[in-house]
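J.: got a predicted structure plus its sequence, pasted below:
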Amino acid sequence: MPKIKTHSGAKKRFKTTSTGKIKRQGAFANHLLEHKSKDQKRNYKGDMDVAGSDKKNVKKMLGVG
């Protein structure tokens with residue numbers, strides 16, 4: 001049986017932690033930032049967990065578990 005290939009778009013967008021959680025970058029932090037407040041922009045920093053309803057599909061694309 002052939003190996004399952006990793007989805008090349010998914011491997012650029014998602015990372016798995018050592019405990020098995022899947023992290024993603026949050027939205028609204030890339031452009032059109034000049035009219036957003038410093039507080040908003042600071043809150044956009046950091047990674048977020050993938051939603052529970054999406055975990056199955058993301059894991060499948062990454063070839064995890």
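T.: That came through, no problem.
J.: helices or strands next to the host helix or strand of Asn57 in the packing?
T.: If you go by DSSP states H and E, Asn57 is part of helix 55-62. Helix 55-62 sits against helix 8-13, strand 14-16, strand 22-25, with contacts defined as 3 or more Cβ pairs under 8 Å, 6 or more residues apart in numbering; DSSP states H and E. Where C-beta positions appear, they are placed from N, C-alpha and C, glycine not excepted.
J.: what packs against the last one?
T.: Counting contacts by 3+ Cβ pairs under 8 Å, 6+ apart, strand 22-25 packs against strand 14-16, strand 47-49, helix 55-62.
J.: avg pLDDT for the following helix or strand past it?
T.: Downstream of strand 22-25, the first helix or strand assigned by DSSP H and E is helix 38-43. Helix 38-43 shows a mean pLDDT of 96.
J.: contacts for helix 38-43, please.
T.: Helix 38-43 is contacted from outside by Phe28, Ala29, Leu33, using Cβ atoms under 8 Å, 6 or more residues apart in numbering.
J.: quick one, what contacts the residue positioned nearest the centre of the chain?
T.: Closest to where the C-alpha atoms of the chain average out (Cα atoms, centre = their mean) is Arg24, at 1.8 Å. Applying Cβ under 8 Å, 6+ apart, we find Arg24 in contact with Arg13, Phe14, Asp47, Met48, Asp49, Val50.
J.: just the buried ones from those residues, in ChimeraX syntax?
T.: Here is the ChimeraX command that selects the buried residues among the contacts of Arg24 (16 or more other Cβ atoms under 10 Å):
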select :14,50
